[in-house]
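Student: need a structure here:
(4 chains)
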2 protein chains.
Amino acid sequence: MTNKHVKEMEALKEHLGKHQLKLTRQRELILNAFLRQEHITAEAMYHQLAKADPHLGLATIYRTLNLFCDAGLAQARHFGSQTKYDNVSHKGHHDHLICTGCEKIVEFENEEIERLQEEVATRNGFTIKTHRLELYGLCSRCRH
Amino acid sequence: MTNKHVKEMEALKEHLGKHQLKLTRQRELILNAFLRQEHITAEAMYHQLAKADPHLGLATIYRTLNLFCDAGLAQARHFGSQTKYDNVSHKGHHDHLICTGCEKIVEFENEEIERLQEEVATRNGFTIKTHRLELYGLCSRCRH
DNA sequence: ATTGAAATTGATAAGCTGTCTCAAAATTAT
DNA sequence: ATAATTTTGAGACAGCTTATCAATTTCAAT
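Tutor: Numbers count the residues shown, from 1 in each chain, chains lettered A, B, ... in the order given. Alright, predicted model coming up:
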């Protein structure tokens, strides 16, 4: 279970090393839990991990998820008043169709769109590091 | 100045009429200020209108901008920890290139991308109401 | 293995953005 | 003008996230 996400663990360790940060029990715990999700809020993870470690603080979860963002493992997305942290290891899939009726999220990827994004960026002298595309609307069920 | 945005004013009046709401000095004031912007936060508008009306309350601005959203004149967008209200009359322009170095924001529009978005949505049974596309990277100046 | 400097944690206070409350004021229909 | 209803302004309040800080843990150097 702990050795399931070796690649991401290595990426985290590399980031920690580069920035004089330390690998802690909490960071390992949170990473493993995080990688099992597609996207999650800090609050949800807090409750989810309460069983595994009842003393794990909410602040630590926020700090750690933000650390994952710095390390390139996660990406924060502001949704309503909350922040959702996306699992970036499901790469190429981080565009979303979001139903404003039931909050359902469908992931998709579209190479043609990605290509056009590059084109726009180049035309404006930008080098894209990452992007975010969210389409909001109603799913077929909520439309009725 | 007051009769510059007649069309939007009419749209607002129609919405007010339909919902038993009243046209107030503040709503007119805020509408005119809002329509001069591409997008703005409630806080920014609060400071901007402080000269015109020092007693205009922040809550009123929030309420009014949300009212504009209901009326279809504005569109709320969560950006970082803040909410930006987009002027919908400048439609098609709400995609952004964001420099992570200097925080510069370049707006762009690309019809081809919009078309592909519709396609993806349709394929998944969604009806798009709005969308958000942000490309993060470095501008030419920050790359060096 | 021990030590010690530096980073991390947990608990909670504080901060920020946005909404709610409610008495006073403004609007609209009569 | 009057009355019924909505709106406003000011500040209290609430939800989410970050800052603070003493106590603990990590990790590199012994």
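Student: Tell me who's in contact with the closest residue to residue A:71 other than its chain neighbours.
Tutor: Among residues not flanking residue A:71 along the chain, residue A:15 sits closest, at 3.7 Å (Cβ to Cβ, 6 or more residues apart in numbering or on different chains). In this view, the C-beta of every residue, glycine as well, is placed from N, C-alpha and C. Residues near residue A:15 by Cβ atoms under 8 Å, 6 or more residues apart in numbering or on different chains: A:21, A:67, A:70-72.
Student: Residue A:126 and residue B:105, how far apart?
Tutor: The gap separating residue A:126 from residue B:105 is 11 Å, by Cβ to Cβ, to the nearest Å.
Student: Touching both of these two, which residues are there?
Tutor: Jointly contacting residue A:126 and residue B:105 under the rule Cβ under 8 Å, 6+ apart are B:97, B:99.
Student: Where does pLDDT dip in chain A?
Tutor: For chain A, the stretches with pLDDT under 70 are A:1-3, A:91-93.
Student: can you give me the strands for it?
Tutor: Secondary structure of chain A by DSSP state E: the strands cover A:39-41, A:74-79, A:82-87, A:95-99, A:105-108, A:127-138.
Student: which stretch among those comes nearest DNA strand C?
Tutor: Nearest to DNA strand C, of all the strands of chain A, is strand A:74-79, at 9.4 Å by Cβ to the nearest atom of the strand.
Student: ok, and does the closest one reach over to DNA strand C?
Tutor: No: judged by Cβ under 7 Å from any atom of the strand, strand A:74-79 makes no contact with DNA strand C; its nearest approach is 9.4 Å.
Student: What residues sit buried inside that strand?
Tutor: For strand A:74-79, burial by neighbour count (16 or more other Cβ atoms under 10 Å in any protein chain shown) applies to A:74-77, A:79.
Student: Dump those to a markdown table, plus distance to residue A:42.
Tutor: Converted to a markdown table, those look like this (distance: Cβ to Cβ, whole Å):
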| residue | distance to residue A:42 |
| --- | --- |
| A:74 | 11 |
| A:75 | 14 |
| A:76 | 10 |
| A:77 | 12 |
| A:79 | 13 |
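Student: Out of those, the closest to residue A:94 would be?
Tutor: Closest approach to residue A:94 among these (Cβ to Cβ): residue A:75, at 6.8 Å.
Student: you'd agree that closest one is up against residue A:89?
Tutor: No: counting by Cβ atoms under 8 Å, residue A:75 does not reach residue A:89; the two are 10.7 Å apart.
Student: Contacts only, for the residue positioned nearest the centre of chain A.
Tutor: The centroid of chain A falls nearest to residue A:86 when counting by Cα atoms, centre = their mean (1.7 Å). Neighbouring residues of residue A:86 by Cβ under 8 Å, 6+ apart: A:38-39, A:74-77, A:94.
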